[in-house]
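J.: predicted model and sequence below, questions to follow.
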Amino acid sequence: MQLDADTYQRILGEELRKLRKKRGWTRKELNQRLQSDISLQTLATYELGTRQCSIVRLVELCLAMDELPQNLLARVHKRVFGEEPGRIRVNLARVVATDQQGLEPLRRWAEGRLTQSSSADVLLDLPALDRMAELCGLPTQELIGRLRDLSVVSTSQ
């Protein structure tokens, strides 16, 4: 899986802005609640995703808005990678279409799921991946790597 830093930064900014607006605050009102002195322009560039935000600054912003930083980052992660922490998104049509050796049991499962569901994507947690890896005769991490290679990470959500 590859990280598109610009996209991640932009979505982080969008989430910060949504959080501030959810509180009904202007940038100036947020600025007044921060411990450190940050210009309104700096806040604007964080929200636009045009300036990187240090971890310490991100935590400060989150705490000022009464938000746990890990919750904010989980939302960003989900938007950027289309996954929830601890799960991976698998495109069933791509699994069916692959000719990778060792994935035959997974292909049969994906074909069955596609006939039962209108969605081509599923989220799989670690126990499900462990079980599938066992059926394919692969280590779990190798299966996860192969599935991620099959998936194209969408950043236009």
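T.: Ah, there it is. Numbering: from 1, shown residues only.

J.: mind listing what's buried in the top helix by length along the chain?
T.: Assignment by DSSP state H gives helix 5-22 as the longest helix of the chain. Across helix 5-22, burial judged by 16 or more other Cβ atoms under 10 Å covers 7-17, 19-20. Quick note: C-beta positions are derived from backbone N, CA and C, even for glycine.

J.: hmm, who's touching it?
T.: Residues outside helix 5-22 that contact it (Cβ atoms under 8 Å, 6 or more residues apart in numbering): 27, 30, 46-50, 52-53, 58, 61-62, 65, 67, 72-73, 75-76, 79-80, 155.

J.: now whichever strand or helix holds residue 75: average pLDDT?
T.: Element membership for residue 75 (DSSP states H and E) is helix 69-81. Computed over helix 69-81, the mean pLDDT rounds to 89.

J.: and that helix, what does it pack against?
T.: helix 5-22, helix 55-64 (3 or more Cβ pairs under 8 Å, 6 or more residues apart in numbering; DSSP states H and E).

J.: can you do 10 Å?
T.: helix 5-22, helix 55-64, strand 87-91 (3 or more Cβ pairs under 10 Å, 6 or more residues apart in numbering; DSSP states H and E).

J.: export that helix as CSV, just CAs?
T.: Below are the C-alpha coordinates for helix 69-81, written out as CSV (Å, rounded to 0.1, in the frame of the first residue of the first chain):
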residue,chain,number,x,y,z
PRO,A,69,-6.5,12.5,18.1
GLN,A,70,-6.8,8.7,17.4
ASN,A,71,-10.4,9.1,16.4
LEU,A,72,-9.6,11.9,14.0
LEU,A,73,-6.8,9.9,12.5
ALA,A,74,-9.0,6.8,12.2
ARG,A,75,-11.5,8.9,10.1
VAL,A,76,-8.7,10.2,7.9
HIS,A,77,-7.3,6.7,7.5
LYS,A,78,-10.7,5.4,6.5
ARG,A,79,-11.2,8.1,3.9
VAL,A,80,-7.8,7.8,2.4
PHE,A,81,-7.4,4.0,2.4
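
J.: the closest residue to residue 146 other than its chain neighbours: neighbouring residues, count only.
T.: Nearest in space to residue 146, with sequence neighbours left out and distances taken as Cβ to Cβ, 6 or more residues apart in numbering, is residue 100 at 6.2 Å. Applying other Cβ atoms under 10 Å, we find 13 residues neighbouring residue 100.
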